[in-house]
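S.K.: Predicted structure and sequence below. I'll ask about it afterward.
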Amino acid sequence: MRLVKWVSVSLVVLFALQVAAIAKEGARSWQIHNRLRLEYDDNIRTEMDGQEDSSFKVIEEVEALLNANMENTFISLRLRPSFVWWDDRPEDQSDVHVDLDFILNQRFNPRTSLSVKDGLRRAELPSLEDDARGTLRMDNDYTYNTLNALGMYKISPQTRVELEGRHILLRYDENAVADTEDFDILVGGASVRHQFAPDTVLGAEARYETISYDSALDRDSDTIHLGGSVEQTFSPNLLGNARAGWQRKEFDAGTTDSTDAPYGDVTMSFIPSPQTRMTVGASYSFFESSVTPFLNQNRARFHAAIAHDLTAKIALYLSAGYIMSEYDGQETPETAGTVTDGNEDVKQLSARVTYKVNRSNWLEASWQYTDFESDLAGREDYERNRFGLGWKVQL
Amino acid sequence: MARKLGLIVLVALLSVAWAAPTCEAAKKETSTESAAQQVTQAELAQLLVNVLGLYRFLPASPTPQECFAVLLDNNISPEKGWKAEDVVTRADLARVIVQALQRTDEIENPDDPKEWIDLLKEMGVPIDSVGQAVDNVGPLAEPVALNVFEVTTDPLKTDQRRGEPDETESGADAEFVVIITTIGEIQKIVDFVQPPPPVHVTPNAP
């Protein structure tokens, strides 16, 4: 709560200054949105079929955006606290989450620039218990922060070089969870991009990633990525980009020393009509495992989304994601005994319809569906539906 | 840790608070300069993703095509589509500014460039320079962009977030689905064994 208080007080001070400045200048560089949703959740503890409990929820979300756009400097801040009240969750009836994003873009001259992005999340995911089955989820309250810093230099109008670093931090409050899940990830990378033709940009890239856990099970690893990329504008209404390469992951104390595999991703965006926008994508790569004690997962992802304006006031948004994860029993710490291979699949569907009442108010109806399947021992399959009605206002 | 993070946040907030009041004056000075300069569509797209609040959906220092893609997702495009090296015309600028202001529904004949320009005149939005025009655009209330389901494999961009709350995914809500194993689950997945005792080898051993 201490962090939340800091952020809250800072926000009040900041906006007091901003409102005064903006009133004086007659312009507006900030936005505040309030979003209130009433939701029905049919599986609040993500339990298997026949064990589910449902609840109504009230989700109150405030989003404050502030931009400062100068000739060579752009600074942006976004704060999004949200409060969730559960009608029928006896263990804990409320959650408070806070998201804070900070962006700084600085152009030193036409050739050189610096970008800094930081995303901080503080989330409350309290312990969940079932009378008959005991603890289903330990206290998962966490702090997550991701910080990127990128320096870009244009060698020529067609060619640019980028050097980028990233740090990701994850800290759980509950010691039993922190002991296995807390991590720090450091990534360093270099990219060269060259505009090969008016509609084609080719690139080469190298990444080095090191992950360190606090866990007594030594799950630390280092990964190298080497590859290339292409961006192609097929037509003004069809854009595509792809990356591909090879990656090698070395484990500090794994049953196997290392593993390597190709990686790749492709995304296409197209506009079939002035009212419709579509995006599809697919990828395959290593990804950090969220299942202890695995050191790695091979993950394939598929994604499709469509946004369609039914009328000038009514818009429909559909989005679908499918994730397939493979876990290799050999990619575990030596100190763990026999671990069998496993697979997990996640299917997500999401739909939302908005009605624009006027320039400041929107009404919405939404549905989210998640289907989780796992053949790892102890992991439960589940399905979850969330139906919501909401009102969003731009203040 | 929380105190350090809080301090970083406070410094960031106060930096913005210090910078923002001066930005309007700075922009007024530069707007007249940029009127005389030729601005490319790539530069215009970069400015727009900033002021529309779309930058947070993009990687640090996005490429022109990444900017174009997210602007297209939000129905913002010159009449003949985005072309990185083309110089922004008055008609293109009027069109994308009206779209960015979410006032497209007030255009009766989208093929008539004059109508886009006239609407901005009615609204009192100057388009003599790109800087002046963009000054009048604020963050989108209903942004459309890839976020949760994004398929990139780049470790500099992939998201490791876990659990609620919702993020918007191309205009719809979605959450990062990551399930943390409990200690009980870990014990079911693995069969912890003690490391074997060291083998003592004596000089007489064969």
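M.R.: Structure received. Numbers count the residues shown, from 1 in each chain, chains lettered A, B, ... in the order given.
S.K.: how about A:Leu120, what does it touch?
M.R.: A:Val98, A:Asp99, A:Leu100, A:Asp101, A:Phe102, A:Thr143, A:Tyr144, A:Asn145, B:Leu5, B:Val9 (C-beta atoms under 8 Å, 6 or more residues apart in numbering or on different chains). C-beta here means a position set from N, CA and C on the backbone, and glycine is covered the same way.
S.K.: now with 6 Å?
M.R.: A:Leu100, A:Asn145 (C-beta atoms under 6 Å, 6 or more residues apart in numbering or on different chains).
S.K.: Just give the nearest non-adjacent residue to residue 139, would you?
M.R.: All of this refers to chain A. A:Glu174 (4.0 Å; C-beta to C-beta, 6 or more residues apart in numbering or on different chains).
S.K.: The chain in question should be chain B.
M.R.: B:Gly53 is the one closest to B:Pro139 (C-beta to C-beta, 6+ apart), at 3.2 Å.
S.K.: a strand runs through that neighbour, doesn't it?
M.R.: No. According to DSSP: H, G, I helix; E, B strand; the rest coil, B:Gly53 belongs to no strand; its state is coil.
S.K.: That one: what's it in contact with?
M.R.: Here B:Gly53 is in contact with A:Leu65, B:Pro139, B:Leu140 (C-beta under 6 Å, 6+ apart).
S.K.: And for the last one, the neighbour number?
M.R.: Using other C-beta atoms under 10 Å in any protein chain shown, B:Leu140 has 21 neighbouring residues.
S.K.: Check for me that it belongs to a helix.
M.R.: No. Under three-state DSSP, B:Leu140 sits outside any helix and is assigned coil.
S.K.: all strands of chain B, in order?
M.R.: B:163-169, B:172-176 (DSSP state E).
S.K.: Could you give the average pLDDT over the last one?
M.R.: In other words, strand B:172-176. Strand B:172-176 carries an average pLDDT of 86.
S.K.: Stretch B:100-117 too?
M.R.: Rounded mean pLDDT across stretch B:100-117 is 90.
S.K.: Same question for stretch A:309-329.
M.R.: Stretch A:309-329 comes out at a mean pLDDT of 94.
S.K.: And for stretch B:42-51?
M.R.: Rounded mean pLDDT across stretch B:42-51 is 92.
S.K.: For chain B, which residue gets nearest to chain A?
M.R.: B:Gly81 (1.9 Å; C-beta to the nearest C-beta).
S.K.: Where does pLDDT dip in chain A?
M.R.: A:1-28 (pLDDT under 70).
S.K.: what sits against the nearest residue to A:Asp214 once chain neighbours are set aside?
M.R.: Leaving aside its sequence neighbours, A:Asp214 sits nearest to A:Asp182 (C-beta to C-beta, 6+ apart; 4.5 Å). Counting by C-beta under 6 Å, 6+ apart, A:Asp182 touches A:Arg171, A:Tyr172, A:Asp214.
S.K.: quick one: which of those is most hemmed in?
M.R.: A:Tyr172 (22 neighbours).
S.K.: Was I right to think it contacts A:Tyr142?
M.R.: Yes. With contact defined as C-beta atoms under 6 Å, A:Tyr172 reaches A:Tyr142; the gap is 4.9 Å.
S.K.: Including distance to B:Asp128 and mean neighbour count, could the strands of chain B go into TSV?
M.R.: Converted to TSV, those look like this (distance: least, C-beta to C-beta, whole Å; neighbours: other C-beta atoms under 10 Å in any protein chain shown):
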stretch	distance to B:Asp128	mean neighbour count
strand B:163-169	35	21
strand B:172-176	39	23
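S.K.: Turn those into JSON lines, columns for distance to chain A.
M.R.: JSON lines is the format used below for the strands of chain B (distance: least, C-beta to the nearest C-beta, whole Å):
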{"stretch": "strand B:163-169", "distance to chain A": "5"}
{"stretch": "strand B:172-176", "distance to chain A": "4"}
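S.K.: Of all those, which one is nearest A:Ile314?
M.R.: strand B:172-176 (14.5 Å; C-beta to C-beta).
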